[in-house]
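# take this sequence and fold it.
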Amino acid sequence: GLGVARAALDELQAMAGGRVSVTGAPNLGQRPISQVEIARAEAELRSARAFFYDAIDAAWASLLSGDEVPAEQINLLRLSSTHAVRVAAEVARSVQMLSGMTGVYRDSPLSRFVNDTLVITQHAFMGDITYQNAGAMFFGQPPLPGYL
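Okay, the predicted model is just below:
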């Protein structure tokens, strides 16, 4: 999901300077709202990626030291994974929206990227139940059976 969202951002960046609006508006890269939204999407994706890799690094460090991965780290692995795929889908969708009609056609890479990121959000381990279980653990409550 993170890689697909990255590809969507890269695709929009590549098309931004050359795409001319049929309305005579400035090209995509010159529009202030596009500049704000692409920066926001970039920050969201990089933040989700950092959280995801931080959780992986912590669990890996536990394993390298010969310890089992503690429940708190498992929780962060699950939470960061779910968060990453949700953010990736949001980023891909926002990029598609910025592209206008170009991004909605079936032959558009942006259309495919949106579909691919949305599919990942449907995985059984990426549902809202992850947020519920993570929240329960943050409050010192046990997660539902099977979460850990």
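# for the rest of this, base every contact and every neighbour count on C-alpha atoms.
Fine.
# if we ignore the residues flanking it in sequence, what's nearest residue 147?
Spatially, and ignoring its direct neighbours in sequence, residue 147 is nearest to residue 133 (7.2 Å; CA to CA, 6 or more residues apart in numbering).
# for that neighbour, give me the pLDDT.
With respect to pLDDT, residue 133 has a value of 96.
# same thing with residue 17?
In this prediction residue 17 is given a pLDDT of 72.
# distance check, it against residue 91.
Look at residue 17 and residue 91: by CA to CA, to the nearest Å, they are 20 Å apart.
# what's the helix or strand for residue 130?
Using DSSP states H and E, residue 130 maps to helix 128-138.
# now residue 141
With DSSP H and E as the criterion, residue 141 is inside neither a helix nor a strand.
# phi and psi next, for it.
Dihedral angles of residue 141 (phi, psi; degrees, to the nearest 10) stand at phi -100, psi 150.
# and what of the one 4 residues further on?
The phi and psi torsions at residue 145 (degrees, to the nearest 10) take the values phi -60, psi 140.
# so which of residue 17 and residue 91 has more stuff around it?
Higher neighbour count among residue 17 and residue 91: residue 91, with 29 against 13, using other CA atoms under 10 Å.
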